[in-house]
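S.K.: no sequence on hand, only this structure:
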Ligand SMILES: Cc1ncc(COP(=O)(O)O)c(C=O)c1O
């Protein structure tokens, strides 16, 4: 008999285990404050919880149309018109998915072919690697460099080849907090036009920006609407990461493939939560202003804690993460530092290397997520101050 066939597939075996979820496990084991994984520890808006309960009570409990509850798709189209002046046809240009995670993998599987090249900026959100592997695409990495996480124009131009099928953009960005400027997006749009490439854009942090930074959907740039897949979700904007409701928006030419894959992957996102999503998308402008102001307070507290406790970091322009240099703390590389922090200080972070293709590029960084109450952040600050006290003796 040959070797056992009871093993994971080659594709599944090639995924590295999620470091972020592993950090959450360690945080629970050691009773640490979890500044690793990006989920809020505060309540979702009451109006949304009520709307979800009413949707279930009102019997929105069967399969919806696979690409989304019609009234929810209409609410999504209205949101894009209101916020960005984008005209989106809810009948043909929207697919509602199980979070932006499914929107991304359904897009990659639905529009890419094996051996197509996909330009990805690094450091990257950890799902983009496995998403590329699953779709058989070949990632071509372009580096974002601190402190403001800009890319080199020549490096980006060189990454585009005749094989380039798409570029993945995540703005506001996890893990760096970068918000791509209109000029940067214009260069990307120019290259997409030249190479007939698709922009796949993860805009899940679209409403979380600081100091007047402005989120620009690349789909609004000249000639980009038809070649952009715009991905977002309820998850972060409304603090409902567990609802698993997101969407992809694109031209009918690309939507067909995405909807087919989505149908076979998941059939549909939860029907009652799509119905409740209409209430979310119709919240008044004040909701977004208040949420952004609260995030700004959290960011400012996080930055002052980091400054006091010896981490070096530039304030993020968007999203709710900060990459902090930990190399001079004397605790070893990023993995050793993150381990020390979770085991002995009681604060979970994510080692920087998990966001880079070459681990050494992130070996001096740890990522803090600050989507937590001021009380939680304050308590983490107390613990980190103890670290600073002990390391300076
Ligand atoms: C950049 C980015 N995209 C997607 C996701 C996941 O989004 P969702 O919960 O809607 O699947 C996250 C979550 O941390 C993220 O940071």
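M.R.: Okay, I see it. None of these values were measured; they are calculated from a predicted model.
S.K.: okay, strands next: where are they in the protein?
M.R.: In chain order, the chain shows strands spanning 33-34, 94-97, 117-122, 138-143, 164-170, 198-202, 228-233, 246-249, 321-325, 347-348, 350-351, 365-369, with DSSP state E as the criterion.
S.K.: of all those, which one comes closest to residue 4?
M.R.: Among those, the nearest to residue 4 by CB to CB is strand 138-143 (30.7 Å). Every C-beta, even on glycine, is put in place using the N, C-alpha and C of the backbone.
S.K.: list the strands paired with the closest one, with their directions.
M.R.: strand 117-122 (parallel) (DSSP bridges).
S.K.: now what about the partner strand, what contacts it?
M.R.: Residues from elsewhere that reach strand 117-122 (CB atoms under 8 Å, 6 or more residues apart in numbering): 108, 112, 128, 132, 137-144, 151, 156, 159-161, 163-170, 173, 197, 200, 355-357, 361.
S.K.: let's see it at 7 Å
M.R.: 112, 128, 132, 137-144, 151, 159-161, 163-168, 355-357 (CB atoms under 7 Å, 6 or more residues apart in numbering).
S.K.: look up how far the ligand lies from the residue nearest to residue 102 when sequence neighbours are not counted.
M.R.: Distances taken as CB to CB, 6 or more residues apart in numbering place residue 266 nearest to residue 102, at 6.0 Å, with adjacent residues excluded. Relative to the ligand, residue 266 is positioned 12 Å away (CB to the nearest ligand atom, to the nearest Å).
S.K.: what does the chain put close to the ligand?
M.R.: Proximity of the chain to the ligand (CB under 6 Å from any ligand atom) is limited to residues 38, 99-101, 125, 170, 174, 202, 204, 233, 235, 241, 246.
S.K.: from those, which two are the most distant?
M.R.: Once CB to CB is applied, those give 170 and 241 as the farthest pair, at 16.2 Å.
S.K.: one step back: what subset of the contacts of strand 117-122 is buried?
M.R.: Applying 16 or more other CB atoms under 10 Å to the contacts of strand 117-122, the neighbour count classes 112, 128, 132, 137-144, 151, 159-160, 164-168, 355-356 as buried.
S.K.: and for the residue nearest to residue 174 when sequence neighbours are not counted, the neighbour number?
M.R.: Nearest non-adjacent residue to residue 174, counting by CB to CB, 6+ apart: residue 125, 4.9 Å away. Neighbours of residue 125 under the rule other CB atoms under 10 Å: 25.
S.K.: so for residue 125, what's the pLDDT?
M.R.: Listed pLDDT for residue 125 reads 94.
S.K.: what stretches of the protein score poorly on pLDDT?
M.R.: Within the chain, the stretches with pLDDT under 70 are 388-393.
S.K.: what's near enough to touch the nearest residue to residue 288 once chain neighbours are set aside?
M.R.: Spatial nearest neighbour of residue 288, chain neighbours left out: residue 207 (5.2 Å); criterion: CB to CB, 6+ apart. Residues in contact with residue 207 (CB under 7 Å, 6+ apart) are 237, 288, 291-292.
S.K.: show the end-to-end separation of stretch 55-65, please.
M.R.: From its first residue to its last, stretch 55-65 covers 16 Å (CA to CA, to the nearest Å).
S.K.: hang on, residue 68 packs against residue 97?
M.R.: No. In this structure, residue 68 is not within contact of residue 97 by CB atoms under 7 Å, at 8.4 Å.
S.K.: quick one: which of the two has more around it?
M.R.: residue 97 (30 against 25).
S.K.: who touches the more buried one in this structure?
M.R.: 103, 106, 246-248, 262, 269.
S.K.: re earlier: which of the contacts of residue 207 count as buried?
M.R.: Here, 16+ other CB under 10 Å leaves 237, 291 buried among the contacts of residue 207.
S.K.: just send the contacts of residue 207 back as TSV, with distance to residue 29 too.
M.R.: Output for the contacts of residue 207, formatted as TSV (distance: CB to CB, whole Å):
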residue	distance to residue 29
237	31
288	37
291	32
292	34
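S.K.: what's the most distant pair in the contacts of residue 207?
M.R.: Greatest spacing in these, by CB to CB: 237 and 292 (10.2 Å).
S.K.: the residue in the stretch 1-150 of the chain that the ligand sits nearest to - how many residues pack around it?
M.R.: Proximity of the stretch 1-150 of the chain to the ligand (CB to the nearest ligand atom) peaks at residue 99, 2.7 Å away. For residue 99, the neighbour count with other CB under 10 Å is 22.
S.K.: and residue 32, what does it touch?
M.R.: Applying CB under 7 Å, 6+ apart, the residues near residue 32 are 342, 346-348.
S.K.: what's stretch 49-69 in contact with?
M.R.: By CB under 7 Å, 6+ apart, stretch 49-69 touches 94-96, 259, 262-263, 267-268, 271-276, 279.
S.K.: one step back: determine which two of the contacts of residue 32 are furthest apart.
M.R.: 346 and 348 (8.4 Å).
S.K.: with neighbour numbers in mind, choose between residue 170 and residue 241.
M.R.: Using other CB under 10 Å, the more surrounded residue of residue 170 and residue 241 is residue 170, with 25 against 18.
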